[in-house]
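Student: coordinates only, no sequence provided:
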DNA sequence: TTCCGTATAGTAGGTTCCGACTAGTAGAGA
DNA sequence: TCTCTACTAGTCGGAACCTACTATACGGAA
């Protein structure tokens, strides 16, 4: 299993779009936004153009023509190559098959939850609950107005179902944790490091590792 | 709300460690690994040293002395500044309070699930279920042997509880989706783009946007 | 006592990535 | 017809990031 040459998922999006038909970069960007796929990809013009170049270098896509509309600057239209098609499917398969460790910033912050003290921590998380609630509702709304209204097959919005499921789980955990902190069932020891290892309130002595 | 100067969460880890006591970079790395915090942070020596430098530039930490053990090279020991302490707490609060959109690679791949066809897609996801199952068990095992065994207060491993909760949700969704594909309850239309928009099997004509 | 593997500690270099900026065009309104 | 704003389309410089590599020290085996 050789290492991937390109890892940025914007490249996956580009390849995916070019399976449909040739496009120029700007059109890729607007198409992704229209289809609301910009929540699964991190899109910005800078990396889009870099990515397209990298794909050309690797021979996964190639310029097929340049067009000019009115007096706008020329635009280069790209199409995928055979190699690009195969790589697209292989990459997809790999991404679906093997989980890669992700490092969400929130998990990092949670690992230092203790530093804030119980009140401030519960307060911050409670606000997060508000945001997450709205986010979940937003995905539900989008799904209802597309798939729910018969406008699109489920398969076309399947990633929204996934994001919704995970968002709900996050919301659940956060809500529960706020309740636990405020209810006192999540103990808040004061930790201190000594020569012997860690100690915390309610404990004689603790070794760690 | 001015924009963050440093966004890499390795910097958060460094600040967090220096709240305890001064350390040199190599010690930070080993400490994080020992405490199993390397699953919440993406650690590698390259960015660690870069990050420490950036923190010094911003005045959040500062070198306090250099030490030398045996004939090993000198090591610079850093401590956090007052500013660094305040920034640490403010950053934590912000990370906990406001969800930032993350872009997991899996979501990107799921959005092109259709391209693989039902058999290959179900196959890949089924393998993912295996991996996720093992991952969930691994977190459970770690929690059982630390918090469960009374070795550490829950608060010290709270991020593992979070990661576990989310991992279970992912597993659930993936398992269910495999079942839906194989059971036929997730329809697999062949999509085609025409001048008028999108069409797919089982539908006369579809407009999209 | 020499060799080998592992731990220690960090550097170098290139690639990737992104935000900020540029600049032309079309259309609305005064 | 002049200006103002929003859209179109992309460039550029620098920061962030990671991989691969260096090089020394130490402990144990042969």
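Tutor: On my side now, so go ahead. Note that the structure is predicted; figures quoted are calculated from it, not measured.

Student: now the helices for chain A?
Tutor: Along chain A, the segments classed as helices by DSSP state H run A:9-20, A:25-34, A:45-57, A:82-97, A:105-110, A:118-143, A:158-183.

Student: out of these, which comes closest to residue B:119?
Tutor: helix A:82-97 (11.8 Å; C-beta to C-beta). The way it works is simple: take the backbone N, C-alpha and C, and place the C-beta from them, glycine included.

Student: and the closest one with helix A:9-20, angle?
Tutor: Here the directions of helix A:82-97 and helix A:9-20 differ by 120 degrees (axes from the mean of the first three to the mean of the last three C-alpha atoms, to 10 degrees).

Student: list the contacts of the spatially most central residue of chain A.
Tutor: The residue lying closest to the centre of chain A (C-alpha atoms, centre = their mean) is residue A:40, at 5.5 Å. Residues near residue A:40 by C-beta atoms under 8 Å, 6 or more residues apart in numbering or on different chains: A:9, A:159, A:163, B:103, B:107, B:108, B:110, B:111.

Student: so the first one sits right up against residue B:105, yeah?
Tutor: Yes - assessed by C-beta atoms under 8 Å, residue A:9 is found in contact with residue B:105 at 5.5 Å.

Student: export the helices of chain A to a markdown table and tack on distance to residue B:79 and mean pLDDT?
Tutor: Listed next are the helices of chain A as a markdown table, based on distance: least, C-beta to C-beta, whole Å; pLDDT from 0 to 100:
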| stretch | distance to residue B:79 | mean pLDDT |
| --- | --- | --- |
| helix A:9-20 | 39 | 94 |
| helix A:25-34 | 46 | 91 |
| helix A:45-57 | 37 | 92 |
| helix A:82-97 | 42 | 94 |
| helix A:105-110 | 21 | 94 |
| helix A:118-143 | 24 | 96 |
| helix A:158-183 | 30 | 97 |
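
Student: mind giving me JSON lines with the ones you listed and columns for mean neighbour count and distance to residue B:99?
Tutor: Below are those laid out as JSON lines (neighbours: other C-beta atoms under 10 Å in any protein chain shown; distance: least, C-beta to C-beta, whole Å):
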{"stretch": "helix A:9-20", "mean neighbour count": "23", "distance to residue B:99": "20"}
{"stretch": "helix A:25-34", "mean neighbour count": "16", "distance to residue B:99": "21"}
{"stretch": "helix A:45-57", "mean neighbour count": "16", "distance to residue B:99": "22"}
{"stretch": "helix A:82-97", "mean neighbour count": "18", "distance to residue B:99": "23"}
{"stretch": "helix A:105-110", "mean neighbour count": "23", "distance to residue B:99": "7"}
{"stretch": "helix A:118-143", "mean neighbour count": "17", "distance to residue B:99": "5"}
{"stretch": "helix A:158-183", "mean neighbour count": "19", "distance to residue B:99": "8"}
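
Student: select, out of the ones you listed, the one closest to DNA strand C.
Tutor: Closest of the helices of chain A to DNA strand C is helix A:45-57, at 2.3 Å (criterion: C-beta to the nearest atom of the strand).

Student: how about the closest one, does it get close to chain B?
Tutor: No - Helix A:45-57 does not reach chain B (C-beta under 8 Å from any C-beta of the partner chain); its nearest approach is 11.8 Å.

Student: and the angle for that helix with helix A:25-34?
Tutor: Going by the same axes, to 10 degrees, helix A:45-57 makes 120 degrees with helix A:25-34.

Student: out of the contacts of residue A:40, which comes closest to residue B:22?
Tutor: Looking across the contacts of residue A:40 and measuring by C-beta to C-beta, the closest to residue B:22 is residue B:103, at 35.9 Å.

Student: and that closest one, how many neighbours does it have?
Tutor: Neighbour count of residue B:103, defined by other C-beta atoms under 10 Å in any protein chain shown: 16.

Student: tell me the contacts of the closest residue to it other than its chain neighbours?
Tutor: Once flanking residues are discounted, residue B:103 sits nearest to residue A:42: 4.5 Å by C-beta to C-beta, 6 or more residues apart in numbering or on different chains. By C-beta under 8 Å, 6+ apart, the contact set of residue A:42 is A:9, A:10, B:103.

Student: OK, contacts around the first one?
Tutor: Residue A:9 makes contacts with A:40, A:41, A:42, B:103, B:105, B:108, B:109, as judged by C-beta under 8 Å, 6+ apart.

Student: isn't residue A:162 up against residue B:109?
Tutor: No - applying C-beta under 8 Å as the test, residue A:162 and residue B:109 come out as separate, 10.0 Å apart.
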